[in-house]
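**Student:** Structure for the following, please:
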Amino acid sequence: QLVKKGVERMNKQLEHILRCPITKGPLREMKMNEIKEVNDRISKGELVHFDGTVVERQIGSGFVSLNGRFVYPIEEDIVILLQNLAVLLNNHWVDRSPKDSLRKDKKDVRDFYDQVGWQRGEEGLFVDALIFEDLRPVSRDYIHKCHMRVTRHLKHSGRYILDAASGPIQYPEYVSYSSNFDIRICADISFLALKEAKTKLGNKGIYLLADITDLPL
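**Tutor:** Residues are numbered from 1 along each chain as shown. This is a model prediction of the structure:
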């Protein structure tokens, strides 16, 4: 019951800050009868995503645009807010074009981090770090100071801190950026990254699968 109430409070909080990637208007939490109706339509193969692909996964919770046309599911506490993955409740409402699909360069970035970059490699380190960073012992002090230098440019405290392209928050220094904030909003195009970020932040985080060039906030 406590967990359920905590989720409900978080979802109400999200209603105030989230925006529909398509309409740019507010979102509201879905009601149980709406979720049941959507899942019935999914099981019958009636619903498609904004990019035209068939919706296959049932939803347990989510948000809907105020015009009642677009649904954004929540999966593993991650709000799916990519435009191309919006669930259309009216399949004939919009004349979709190639622009409605995730652009190839963005797909490439997502696929790299989901399939390679945020996988665990040697000594539990992320493959992205193993490929692109200098992890030699001689560099550790310098790298630590570089990571901590970011704090000079952050407010000392606040309600929210937005981490755009959060990745998995792979270093302890990164976690410390939000230590004096109530909530850290992690936005990333990689679902795997957000799952990893959640292991670091737990209920202190809000996790959005989103395009950081068009933030749904």
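
**Student:** low pLDDT regions in this protein?
**Tutor:** 1-11, 91-100 (pLDDT under 70).

**Student:** if you set the cut-off to 80 instead, what comes out?
**Tutor:** For the chain, the stretches with pLDDT under 80 are 1-13, 91-101.

**Student:** distance from the centroid: which residue in it tops it?
**Tutor:** Here the centre of the chain is the reference, and by Cα atoms, centre = their mean the most remote residue is residue 138, at 35.0 Å.

**Student:** State the three-state secondary structure for that residue.
**Tutor:** What DSSP: H, G, I helix; E, B strand; the rest coil gives for residue 138 is helix.

**Student:** now the one 3 residues further on
**Tutor:** Local secondary structure at residue 141 is given as helix here, using three-state DSSP.

**Student:** Could you do residue 186 as well?
**Tutor:** strand.

**Student:** Could you do residue 144 as well?
**Tutor:** Assigned with three-state DSSP, residue 144 falls in the helix class.

**Student:** dump the residue contacts of the residue nearest to it when sequence neighbours are not counted.
**Tutor:** Computed as Cβ to Cβ, 6 or more residues apart in numbering, the closest residue to residue 144 that is not its neighbour in sequence is residue 173, at 6.5 Å. For every residue, glycine as well, the C-beta is placed using N, CA and C. When contacts are counted by Cβ atoms under 8 Å, 6 or more residues apart in numbering, residue 173 touches 144, 147-148.

**Student:** Show me which of those is closest to residue 105.
**Tutor:** Nearest to residue 105, judged by Cβ to Cβ, of the contacts of residue 173 is residue 147 at 27.4 Å.

**Student:** correct me, but the closest one touches residue 170?
**Tutor:** No. Contact criterion Cβ atoms under 8 Å: residue 147 and residue 170 do not qualify, at 10.4 Å.
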